[in-house]
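Asker: I need the structure of the sequence given here:
(2 chains)
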Amino acid sequence: MADATTAGRAHAPSGPFRHFMTSATPGQLALALAITVFLALFLIIPVGTVIYVAFTEKGTGTFTLVNFVDFARTDLFIRSFWNSVYVSAMSVVLASIFALPLAYITTRFDFRGAMLIQTLGFLPLIMPPFVGAVAMLLLFGRNGTVNLLLNDWFGFRIPFMEGLNGVIFVQAVHYFPFILINLSAALRNIDRAMEEAAQNLGCSGFRLFRRIVFPLAMPGYIAGASLVFVKVFDDLATPLLLNVKDMLAPQAYLRVTSIGIADPMGYVISVVLIVMSILAMWVSARAMRGKDYATVQRGGGGLAKRQMRPWESVAAYAAVLLILLLVLAPHIGLLLLSFATIWSFSPLPDGFTLAHYGRVFGESFVYVKNTLIYASLAGLIDVVLGTAIAYLVLRTKLIGRQWLDWAATAALAIPGVVLGIGYLRTFYGVQLPDGTPLATLWIVIVLALAIRRLPYALRACYAALQQISVSLEEAAENLGATKVRTVRRIVLPLMAGGILAGFVTSFATAAVELSATLMLVQSNADAPLAYGLYVFMQSAAGRGPGAALGVIAVLLVALCTFASHLIIEKSQKAKGAGH
Amino acid sequence: MNQPLSVSTLGAQAVDVDIRSVDLSYGTNHVLKGIDLHIRPGEFFAFLGPSGCGKTTLLRLIAGFNRADGGEVLVGGREVSHLPPWKRDVGMVFQSYALWPHMSVKRNVAFGLEERKVPRAEIERRVAAALELVGLSHLADRRPSQLSGGQQQRVAVARTIAIEPKVLLLDEPLSNLDAKMRVQVRRELRDLQQRLGLTTIFVTHDQEEANTICDRIAVMNDGAVQQVGSPMELYEKPANLFVASFLGTANIVPGRVIEEGGARLFEIDAGVRLPIPAHVTVPEGAKLVFRPQHASLGADGARDVSLPGTVLHSEFLGSTVRYGVKVGSAEVSIDVPFQSGEAIHKPGAAVEVGLSLNAAVWLAS
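Answerer: The predicted structure follows:
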């Protein structure tokens, strides 16, 4: 049907019938080809290079496993590996302890401020974890606020931030929203009759949670937990800033930056990082398979929000408040630090000043400007690619179109540090006419960010297009619009909300990304905010201005996210609830 | 304990349910208005009414998922209003079945017994008995998602009767089944209830369902009970216009009562009138109510009165022909049995409408 109306347009010279069967116009083919080239250049070849180097002998290029044997024989690497596994696992445990009560209380009870808690729960995500790390040192470190007070009052300290503990604590606080989001969604999707049936058969309280609610929410929990595991395993900056070097991601970075990009160990570690990522995702996919427990059915109501008894209320509010205070501690600490004159060996800063903000606006504004440019460009690339891939996959019969989707999504499994190493190795040899290596250009940072965030934008665009009925497009074609004009006048306007959501996700997360950029930034003038923060936070004197910059970064991302949220909501309302 | 599977394996002592002036409001929305009902031991009882009439709310109130603002609910003479759902021992089968997808059929059925700390061997026996009773023993190890809608429904019933509840509550149990399954499953439900002798309350908006399987029905509308009675009582002697029109098709004809020569007459329109039988009381402002099959077209000696009418339209329904006939200013439906070779009256044809007065009632509201 659609074919008949497109016959007037230039298309492949093959007969109209064959055209209908394969249904790829030259335009679509060109688009698919362009995307393939882009993904090949900036994702597949760099990552392939990393894997290739890890498995070949230095210099000769013959296949060898000797690099992995070396890895296994080096105590430092093995210790780093187990440290990374331990820290990631413990971070998941701690993050679960934060997320579980918040998710359960806000979705299951008539709880005042549930919306506020869910929103506040997202806050940690819009600040790079290493930025919070410094604030956490000041609040929870050996001579931080909490321990000073504990020591004064009770005569003991708790080693919150000693060694690996610090990394675990900071990461759990930072990444627990992933579990909160997934778990809350899973809890909300459980048909209330599922719980009522259990109550009807004599089950209540904690047994009800253990036997019915938690098993049903399990797939959501696993999805969140595996994401946290991967993120922590791949994170580079937090351990470095807390001076923990014997973990895998920092080791990869240190090998490449201190010994050089020719040293194979950095690449071996990269392969280990990739394998661990894929493993975690596989576990998550397995947990989800065949367990679509979204059980809201006909005749089943949504969620039953229960009233709490007074003592339950008090306990719930106390627990929620304590957790919120903990997870917002980095923000609170950062804010204090940004206004502090001196803050050392005292529970609170000695005095307050605006000097740090003055200094940031005077000297360091280039970071903010760079971040805005990089994150916007990366977001733009992502939504253009995301929309194009979604369209090719869902609306054409192009052979192999699924591969575009898979390739773009595969970026999820590639740690930032690995992508950075791959870019350095691949593009350092490529020189521009004036002799500067391609890898030193700022646009490479943008491309790395775009590739890293593409999976998120793609899913948003995909979902948006999936919701649009094909008959809307067929109606436009039936009335004489060509495919291109149909896309422009019907598809894109209807997708706008989803595309914007994809852009915001890409933008907000790219703005605070460091793992890949730490490798790629060559000069301060080209550095984004996260890099500037990292540089500031490394010296004690830079912490004040660093904190001020951090506060600006958080506000910036929060503002952009909030603004686009408003826009999306407005456009949704304008289009009516149908979309 | 080694007896063949039968009613006695899953014992049930039939109890009565007493609902006394129960009131419930959600904010300003008065959902249940002073409900008084007595459900007898071993009875299959239906709450019947349109959606939003409060029937499901009342059922959930008995199960403990809603709390009444006033009144009390007694199960077997024991006041249960203050008890949480898990201490009530009233089994409920949910509209969506609510089978837990992470447990096998067997584990679903065993759940309530495990919660009651029943010994393991006893659990085995009762799960087997419950599954046997609904004919699903061979599917015990399947997951709910591997079963058809009808099978899921039976698992939900088995899960509930396994705990030997005092009362069985069924919340629109047939609404998620296709038309053919519905007829089969409702017979099975009736059969099961008879064998167990279990007091059962059934919520439905489908009068045919209620009529076919229930001993008595409470017709509800707008949060209040309109009438309680056996299906036939409700059909033949509706207490008000709502009950008359909700159960089957009813012709409701307005008019006024006049006196002429010492006899009472009901005047539908100028000149169109019929006598009111002496023993019938006609309330103020009442309307004449009769069923389509209680009237006929043309001369029919069996009918008491005859009124002039004009055919408006006809629908051929197979065994009957339903005519829309204008009588005075009112339009009534009349069912005429269809005989092969018989001609159908054309629209516009003038006809005589015969009426059986003993089947007619006068209702004010």
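Asker: is stretch A:307-318 positioned near chain B?
Answerer: No - if you take CB under 8 Å from any CB of the partner chain as the test, stretch A:307-318 misses chain B, and the best it gets is 9.3 Å. For every residue, glycine as well, the C-beta is placed using N, CA and C.
Asker: now that stretch - C-alpha only, PDB.
Answerer: Taking C-alpha atoms only, stretch A:307-318 is exported to PDB below (Å, rounded to 0.1, in the frame of the first residue of the first chain):
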ATOM      1  CA  GLN A 307      -2.200   4.000  55.400                       C
ATOM      2  CA  MET A 308       0.600   3.800  58.000                       C
ATOM      3  CA  ARG A 309      -0.100   3.500  61.700                       C
ATOM      4  CA  PRO A 310       1.400   6.400  63.700                       C
ATOM      5  CA  TRP A 311       4.500   4.500  64.900                       C
ATOM      6  CA  GLU A 312       5.100   3.200  61.400                       C
ATOM      7  CA  SER A 313       4.900   6.700  60.100                       C
ATOM      8  CA  VAL A 314       7.500   7.900  62.600                       C
ATOM      9  CA  ALA A 315       9.800   5.000  61.800                       C
ATOM     10  CA  ALA A 316       9.400   5.500  58.000                       C
ATOM     11  CA  TYR A 317      10.000   9.300  58.200                       C
ATOM     12  CA  ALA A 318      13.100   8.700  60.300                       C
END
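Asker: buried ones in it?
Answerer: Residues of stretch A:307-318 classed as buried by neighbour count (16 or more other CB atoms under 10 Å in any protein chain shown): A:308, A:316.
Asker: pull the residues that contact that stretch.
Answerer: With contact meaning CB atoms under 8 Å, 6 or more residues apart in numbering or on different chains, stretch A:307-318 is reached by A:101, A:105, A:109-111.
Asker: low-confidence ranges in chain A?
Answerer: Scanning chain A for pLDDT under 70 picks out the ranges A:1-24, A:290-306, A:571-579.
Asker: chain A contacts on the stretch 151-300 of chain B?
Answerer: So far as CB under 8 Å from any CB goes, the stretch 151-300 of chain B lies against chain A at B:156, B:159-160, B:163, B:171-172, B:175-176.
Asker: got a winner among those for most neighbours?
Answerer: residue B:159 (30 neighbours; other CB atoms under 10 Å in any protein chain shown).
Asker: what is the helix or strand containing it packed up against?
Answerer: Assigned by DSSP states H and E, residue B:159 belongs to helix B:149-161. Judged by 3 or more CB pairs under 8 Å, 6 or more residues apart in numbering or on different chains; DSSP states H and E, helix B:149-161 is in contact with helix A:192-200, strand B:90-93, helix B:105-115, helix B:120-133, helix B:179-196.
Asker: distance between the longest one and the chain's centre?
Answerer: I take that to be helix B:179-196. Offset of helix B:179-196 from its chain centre (CA atoms, centre = their mean, to the nearest Å): 14 Å.
Asker: past that helix, which element shows up next along the chain?
Answerer: Following helix B:179-196 toward the C-terminus (DSSP H and E): strand B:199-204.
Asker: mind checking the pLDDT average for that following strand?
Answerer: Strand B:199-204 shows a mean pLDDT of 94 in the predicted model.
Asker: who does it touch, helix- and strand-wise?
Answerer: For strand B:199-204, the elements it packs on are strand B:44-48, helix B:55-63, strand B:167-171, helix B:207-213, judged by 3+ CB pairs under 8 Å, 6+ apart.
Asker: ok, 6 Å please
Answerer: Packing contacts for strand B:199-204, counted by 3 or more CB pairs under 6 Å, 6 or more residues apart in numbering or on different chains; DSSP states H and E, involve strand B:44-48, helix B:55-63, strand B:167-171.
Asker: quick one: contacts for the residue of the stretch 101-250 of chain B found nearest chain A?
Answerer: Proximity of the stretch 101-250 of chain B to chain A (CB to the nearest CB) peaks at residue B:112, 3.2 Å away. Neighbour list for residue B:112: A:201-202, B:163 [criterion: CB atoms under 6 Å, 6 or more residues apart in numbering or on different chains].
Asker: the nearest residue to residue B:251 once chain neighbours are set aside pairs with what?
Answerer: Once flanking residues are discounted, residue B:251 sits nearest to residue B:332: 4.2 Å by CB to CB, 6 or more residues apart in numbering or on different chains. Beta bridges link residue B:332 to residue B:325, judged by DSSP bridges.
Asker: surely residue B:332 meets residue B:252?
Answerer: No - using CB atoms under 6 Å, residue B:332 makes no contact with residue B:252, being 8.9 Å away.
Asker: so between those two, which is more surrounded?
Answerer: residue B:332 (24 against 14).
Asker: residue B:288 reaches residue B:252, doesn't it?
Answerer: No - counting by CB under 6 Å, residue B:252 is not a contact partner of residue B:288; they are 7.5 Å apart.
Asker: which stretches of the stretch 201-350 of chain B form strands?
Answerer: B:216-221, B:224-229, B:251-253, B:256-260, B:263-269, B:272-275, B:287-290, B:295-297, B:305-316, B:320-327, B:330-337, B:350-355 (DSSP state E, counting those that start in this stretch).
Asker: would you list those in a markdown table and tack on mean pLDDT?
Answerer: Below are the strands of the stretch 201-350 of chain B laid out as a markdown table (pLDDT from 0 to 100):
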| stretch | mean pLDDT |
| --- | --- |
| strand B:216-221 | 96 |
| strand B:224-229 | 95 |
| strand B:251-253 | 92 |
| strand B:256-260 | 87 |
| strand B:263-269 | 86 |
| strand B:272-275 | 85 |
| strand B:287-290 | 92 |
| strand B:295-297 | 87 |
| strand B:305-316 | 90 |
| strand B:320-327 | 92 |
| strand B:330-337 | 91 |
| strand B:350-355 | 89 |
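Asker: just want the most central residue of the chain.
Answerer: Defaulting to chain A. residue A:509 (6.0 Å; CA atoms, centre = their mean).
Asker: oops, chain B please
Answerer: Central residue of chain B (CA atoms, centre = their mean): residue B:210, at 2.9 Å.
Asker: contacting residues around it?
Answerer: B:46, B:48, B:204, B:217.
Asker: tell me which two of these sit farthest apart.
Answerer: B:204 and B:217 (9.2 Å; CB to CB).
Asker: quick check: residue A:349 touching residue A:340?
Answerer: Yes - using CB under 6 Å, residue A:349 is in contact with residue A:340, at 3.3 Å.
Asker: these two: which is more packed in?
Answerer: Legend: neighbour count by other CB under 10 Å for residue A:349 and residue A:340, higher for residue A:340 (22 against 18).
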